[in-house]
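Student: Sequence first, then the predicted structure:
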Amino acid sequence: MSEVPLRGAVRPANQRSAARLAAVQALYQMDVGGTTLPVVVAEFEAHRLGRELEGETLRPADAGFFRVLVGGVVDLQRKIDPMIHGALPPDWPLKRIDFTLRALLRCGVFELLERRDIPGKVVITEYVDVARAFFEADEPGLVNAVLDRVARSVRSDEFKSAASS
């Protein structure tokens with residue numbers, strides 16, 4: 001099975017942060033390997049979430065939150081993808097975006113749409129941190145910009161004061 005390679009060490013994170021990271025990896029695996037949702041969820045829950053992989057113990061992850069993220073992205077992908085496409089720079093259509101980056105943006109947009117219990121700024125910060133686990137260059141900034149743009153659209157009430165300043 002394909003696994004997204006991580007760049008460097010990732011700062012200690014809580015169980016939801018670990019679930020976000022795992023969800024991005026699972027969505028990547030589904031895109032690249034054609035793995036189905038039930039298979040990837042079962043594999044991650046049995047072998048990766050808080051388990052040992054290649055001699056390294058993985059951080060404990062909130063399995064329920066992981067399932068919500070992966071399943072939610074799959075269920076709402078037709079709604080999520082046009083939102084991402086509209087928030088990307090014109091010369092970077094969604095189909096041109098790296099698989100890992102696409103999975104990351106999909107998770108972030110899903111949370112902004114469906115998880116109003118989590119503040120938008122927290123969602124953006126979390127996914128910028130996830131982006132730093134995979135990328136060194138401009139990608140974390142792109143994640144910040146795209147998710148901020150989507151957040152201002154779907155959570156305008158939450159971002160109103162920030163938009164007027």
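Tutor: It's in.
Student: Now do the lengthiest helix in the chain: distance to the chain's middle.
Tutor: Longest helix in the chain, counting residues (DSSP state H): helix 63-87. The chain centre lies 9 Å from the centre of helix 63-87; the measure is C-alpha atoms, centre = their mean, to the nearest Å.
Student: before we move on, what about stretch 24-31?
Tutor: From the chain centre to the centre of stretch 24-31 is a distance of 10 Å (C-alpha atoms, centre = their mean).
Student: in it, what counts as buried?
Tutor: Val24, Gln25, Ala26, Leu27, Tyr28, Gln29, Met30 (16 or more other C-beta atoms under 10 Å). All C-beta atoms are positioned from the backbone trio N, CA, C, and that covers glycine.
Student: which regions of this structure sit below the pLDDT cut-off?
Tutor: Where the chain drops to pLDDT under 70, the residues are 1-13, 48, 50-59, 161-165.
Student: Now find how far off-centre the helix or strand that Ala26 is a member of is within its chain.
Tutor: Ala26 is located in helix 15-33, with elements delineated by DSSP states H and E. Distance of helix 15-33 from its chain centroid, counting by C-alpha atoms, centre = their mean, is 7 Å.
Student: Show me what it is packed against.
Tutor: Counting contacts by 3 or more C-beta pairs under 8 Å, 6 or more residues apart in numbering; DSSP states H and E, helix 15-33 packs against helix 37-47, helix 63-87, helix 99-114, helix 120-134.
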